[in-house]
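**Student:** quick one: sequence plus predicted model below, questions after.
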Amino acid sequence: MQILTKEAEHVIDVEKLTKRYGDLLAVNDISFTVRKGEVFAFLGPNGAGKTTTVEIIETIRTPTSGKVSLLGMDVTKKKRKIVRRIGVLPQEFSSFDRITVRETIQYYSRLFNCRNADIDGLIELANLKDKSKEQFKNLSGGLKQRLGIAIALVNNPDVVFLDEPTTGLDPRARREVWDVLLGLKKKGKTVFLTTHYMEEAELLADTVAIISRGSIVAMGSPEELIERNANYLALTLQSVDEKVFEIVQKMGFEPVKANHNNIKVRVQHPDDVQKILNTIKDAGASFLSLDVRKPNLEEVFLKLTGAALREDLAGGVAQ
């Protein structure tokens with residue numbers, strides 16, 4: 001029977017990692033592992049410690065204490081070997097304006113001494129076949145990010161780090177980038193993704209770690225995090241008359257008023273929804289429509305971090 005080594009099981013192993021900048025504690029004694037072939041999403045509000053942690057793993061920064069290994073190698077001792085086996089897409093990737101998509105990938109393959117890079121394969125993986133002769137300056141934001149992902153793969157890395165890959169993109173462009181990331185997942189690449197888009201993490205990630213104020217506050221699959229931290233249904237009654245709020249409140253629930261005479265109610269059991277609707281009907285009150293749904297990862301994130309999501313990080317870089 002073949003016994004898996006620690007490297008085969010875990011491509012990243014972080015043990016009791018701490019990073020200080022003077023009196024500022026940026027990362028506070030965190031530990032986690034990333035398995036081979038998984039998409040690992042690192043979530044956190046601005047200043048939570050995301051980028052500091054990732055830059056330590058990428059060998060850019062040194063830890064104050066703790067141990068970090070990547071592919072079985074200590075990141076503080078084997079930097080040269082590690083950088084050859086990882087790919088990195090930084091925030092706001094940019095390149096030379098007047099060279100084409102194909103020329104850009106060719107340039108970076110030479111820069112990284114990757115003479116055997118599969119240029120056509122990378123163009124196809126990034127869904128850029130129709131844009132291969134387009135100059136970089138003429139590409140949309142989404143196309144530039146897809147090109148950046150292709151460049152992060154020129155050395156056929158074991159681990160790919162993507163830092164906020166869809167920030168600033170419109171919804172359509174964001175989904176096109178997601179398609180590329182799903183392609184990486186199908187190819188068995190290990191992807192370390194930092195993001196503040198909950199839908200992105202919920203769709204792509206096998207494991208999610210939520211970091212707040214330098215500490216990991218929760219970790220697991222998206223489904224596990226939702227089940228553990230938001231085990232309820234959200235009932236929304238739209239355009240209700242004034243009596244509905246009081247009726248629901250008297251039943252022992254805690255309705256919350258929303259826009260346009262809507263109310264939202266958390267219920268623990270599906271049967272509670274029918275009880276509320278029957279009671280409203282028996283009281284002669286009315287509403288126009290209803291919506292019942294399970295909570296999502298965003299609600300878990302807000303509960304655990306107590307922080308509002310920032311949809312636009314253009315003004316600064318998360319730390």
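**Tutor:** Sure, I can see it. On a predicted model such as this, the values are computed, not experimentally measured, just so you know.

**Student:** need the contact list for Thr18.
**Tutor:** For Thr18, the contact set (C-beta atoms under 8 Å, 6 or more residues apart in numbering) comprises Leu25, Val27, Asn28, Asp29, Ile30, Pro63, Thr64, Ser65, Gly66. C-betas here are computed from N, CA, C, even on glycine.

**Student:** SS state for it?
**Tutor:** Reduced to three states with DSSP: H, G, I helix; E, B strand; the rest coil, the structure at Thr18 is strand.

**Student:** so which of the contacts of Thr18 is the most crowded?
**Tutor:** With neighbours taken as other C-beta atoms under 10 Å, the top of the contacts of Thr18 is Val27, carrying 28 neighbours.

**Student:** doesn't it belong to a helix?
**Tutor:** No: secondary structure of Val27, determined by three-state DSSP: strand, with no helix assignment.

**Student:** setting aside sequence neighbours, what's the nearest residue to it?
**Tutor:** The shortest distance from Val27 to any residue that is not its chain neighbour, by C-beta to C-beta, 6 or more residues apart in numbering, is 4.1 Å, and that residue is Lys19.

**Student:** give me the neighbour count for the one you found.
**Tutor:** Look at Lys19: counted by other C-beta under 10 Å, it has 22 neighbours.

**Student:** what sits against it?
**Tutor:** Leu25, Ala26, Val27, Gly49, Thr52, Thr53, Ile56, Arg61, Pro63, Thr64.

**Student:** dump the residues you listed to CSV, plus distance to Lys144 and pLDDT.
**Tutor:** What follows is the contacts of Lys19, written out as CSV (distance: C-beta to C-beta, whole Å; pLDDT from 0 to 100):
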residue, distance to Lys144, pLDDT
Leu25, 35, 96
Ala26, 29, 96
Val27, 30, 97
Gly49, 27, 92
Thr52, 26, 95
Thr53, 26, 96
Ile56, 27, 97
Arg61, 26, 96
Pro63, 32, 97
Thr64, 35, 98
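
**Student:** filter those down to the ones in strands?
**Tutor:** Judged by DSSP state E, the subset of the contacts of Lys19 located in strands is Leu25, Ala26, Val27.

**Student:** so the first one makes contact with Gly214?
**Tutor:** Yes: the pair Leu25 / Gly214 is scored as a contact, 5.6 Å apart, by C-beta atoms under 8 Å.

**Student:** roughly how far apart are the residue nearest to Val27 and Arg213?
**Tutor:** Lys19 sits 13 Å away from Arg213 when distances are taken as C-beta to C-beta, to the nearest Å.

**Student:** shared neighbours of the two, anything?
**Tutor:** Counting by C-beta under 8 Å, 6+ apart, the residues touching both Lys19 and Arg213 are Gly49.

**Student:** for the stretch 101-250 of the chain, just list every one of the strands.
**Tutor:** With DSSP state E, counting those that start in this stretch as the definition, the stretch 101-250 of the chain shows strands at residue ranges 159-163, 190-195, 207-212, 215-220, 233-238.

**Student:** now those as CSV including distance to Phe287 and mean pLDDT?
**Tutor:** As requested, the strands of the stretch 101-250 of the chain are arranged in CSV below (distance: least, C-beta to C-beta, whole Å; pLDDT from 0 to 100):
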stretch, distance to Phe287, mean pLDDT
strand 159-163, 44, 96
strand 190-195, 36, 95
strand 207-212, 35, 95
strand 215-220, 35, 96
strand 233-238, 5, 92
